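Enquirer: Quick one, what's the 3D model for this:
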Amino acid sequence: MADYVIAIDQGTTSSRAIVFDKSGSIISTGQLEHEQIFPKAGWVEHDPAEIWNNTREVIGQALSKASLTRHDIAAVGITNQRETAVVWDKTTGKAIYNAIVWQDTRTQPIVDRLAADGGVERFKQKVGLPLATYFSGTKIVWILENVEGAREKAEAGDLLFGTTDSWVLWNLTGGTDGGVHVTDVTNASRTLFMDLETLQWDDEILSIFNVPKSMLPEIKSSSEVYGTAHSSSLLRETPIAGILGDQQAATFGQAAFDPGESKNTYGTGNFLIFNTGEEIVHSKNGLLTTLGYKLGDDKPHYALEGSIAVTGSLIQWLRDNLGIINSAPEVETLATTVDDNGGVYIVPAFSGLFAPYWRPEARGVIVGLTRFVNKGHIARAALEATAFQTREVLDAVNADSGVDLTELKVDGGMVANDALMQFQADILNVPVVRPVVAETTALGAAYAAGLAVGFWANLDELRANWQEDKRWEPSMADEDRDRQMRLWKKAVSKSFDWVDEDVK
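Expert: Next up, the predicted model:
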């Protein structure tokens, strides 16, 4: 019996492979960053070939570091950046254009065109999402309309579309040599094309978008055997048995399986997911309705989600664009050189604002600047922006669910930052709890795959794996919290209505 499960975590900035044992502990990790391509303001791309090459490399890294072979691996799980769109030629196996990343805003004219008849909530009742550049549906339209020969090839049935889970799976199972073209319900629910009730592609919406159905992957559950790794892979003949979009995977890895349970992931952006069980809850407060998970033939679990575009990437911006830090962890050291933010608030609306505002025309602002302000205040304001945005999303979750959260489970790279986590607890006025295994995204994908092949017996076994590592209790006075939130909301209002017809 194989003793381990491997998860492929194809994220926004890197691809990783992580080997887990039965207790959910990390045995080894391989990781490679890929290039962030910015051809124009608002455009964000990745090279699909680089992503696939890196994926193969990190699998090798993870196996070799632990001196493992394919015979030690019971199953493979995949998790991914959800809305990033890849379109490739099924005959050559090559992408016809770079992957258009979820942060990319070039499709706003397509959004406006589709929203002209019925507004941005035109399809929301059926798919749970507003029309926005965030989702992959408009990215496919852009490729079909702007890449030479794409429309003709798509109509002829020669092109395939997938989010990066589908791209990795297709290549891992053989690519042009019998590759499996599949996605799971969680990723499908981020396209604007999947009916939340039927869990199938909606023909009417596809017709309105003018996207051929032949391009789309088959929708499967989050936990079943989709195929086996190709003979050319280090994992050959190993079943690939779990797929979850990254935020749903993190929720699953946090063992938030039941209605009312939630988590917040701190990554490139922030994503708070609240499990609503088998009930589809339509938000009245700017949240998305999405699939939480579906295990085999069991009924699907749904969720409300608050999506924040820019959190960790704001820290990258301080490092790469402004140069006030040399590495991301330095931001905490710099932030703690000052007692407070010095009156500075940063609203990082680099790609407009996502939940709960959905204001594509917003742009980033730094307000409250005086001669007193130094780079320590800027660093602190950047960290606090993450916490303020999370508070607004959590307020929306509480309003939609009618049940106030009593604590917040957190994961992702930024939860190692004690200053941020303490401020998060303070501004939420609820405890913030970090698990022992903070790599919950990869863990969730491993869990889904392991359940499908019997490596883990049931959800109770997974719940038993979850352990608390650290807890931050709120200590901010109510009047301070109220003042901070009032000033934050004032700062947010200054970011609105920036993009005019002649401003790009």
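
Enquirer: State the pLDDT value of D502.
Expert: Looking at D502, its pLDDT reads 61.

Enquirer: which residues in the stretch 101-250 of the chain form strands?
Expert: Under the criterion DSSP state E, counting those that start in this stretch, the stretch 101-250 of the chain carries strands at the ranges 159-163, 182-184, 218-220, 223-228, 239-245.

Enquirer: Turn these into JSON lines, columns for mean pLDDT and distance to V19.
Expert: Using the backbone N, CA and C atoms, a C-beta is placed for each residue, glycine as well. As requested, these are arranged in JSON lines below (pLDDT from 0 to 100; distance: least, C-beta to C-beta, whole Å):
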{"stretch": "strand 159-163", "mean pLDDT": "97", "distance to V19": "24"}
{"stretch": "strand 182-184", "mean pLDDT": "98", "distance to V19": "22"}
{"stretch": "strand 218-220", "mean pLDDT": "98", "distance to V19": "24"}
{"stretch": "strand 223-228", "mean pLDDT": "97", "distance to V19": "18"}
{"stretch": "strand 239-245", "mean pLDDT": "97", "distance to V19": "14"}
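
Enquirer: Quick check: which ranges of the stretch 1-150 of the chain have low pLDDT?
Expert: By pLDDT under 70, the weakly predicted segments of the stretch 1-150 of the chain are 1.

Enquirer: name the element I315 belongs to?
Expert: Taking DSSP states H and E as the definition, one finds I315 inside helix 312-317.

Enquirer: Show me what that helix is packed up against.
Expert: Under the contact criterion of 3 or more C-beta pairs under 8 Å, 6 or more residues apart in numbering; DSSP states H and E, the helices and strands touching helix 312-317 comprise helix 375-401.

Enquirer: Just the pLDDT for M414.
Expert: In this prediction, M414 has a pLDDT value of 87.

Enquirer: which residues does it contact?
Expert: Shown in contact with M414 (C-beta atoms under 8 Å, 6 or more residues apart in numbering): Y266, G267, T311, G312, I315, T386, L420.

Enquirer: tell me the secondary structure for it?
Expert: Secondary structure, DSSP: H, G, I helix; E, B strand; the rest coil: M414 is helix.

Enquirer: now do E279
Expert: coil.

Enquirer: just the helices in the stretch 151-300 of the chain please.
Expert: All helices of the stretch 151-300 of the chain, identified by DSSP state H, counting those that start in this stretch, fall at 164-172, 185-188, 203-209, 246-253.

Enquirer: average model confidence for the third one?
Expert: To tie it back to what came earlier, the one meant is helix 203-209. For helix 203-209, the per-residue pLDDT values average out at 97.

Enquirer: re earlier: quick check on the contacts of M414: which are buried?
Expert: With neighbours counted using 16 or more other C-beta atoms under 10 Å, these contain these buried positions: Y266, G267, T311, G312, I315, T386, L420.

Enquirer: Test my guess that the fourth one contacts T265.
Expert: Just to be clear, that refers to G312. No. With contact defined as C-beta atoms under 8 Å, G312 does not reach T265; the gap is 9.9 Å.

Enquirer: what touches both of these two?
Expert: With contacts defined as C-beta under 8 Å, 6+ apart, the residues adjacent to both G312 and T265 are G412.

Enquirer: what number of residues lie near the nearest residue to W472 once chain neighbours are set aside?
Expert: Once its chain neighbours are removed from consideration, W472 has its nearest residue in A425; the separation is 4.1 Å (C-beta to C-beta, 6 or more residues apart in numbering). Other residues lying near A425 total 23 when counted by other C-beta atoms under 10 Å.
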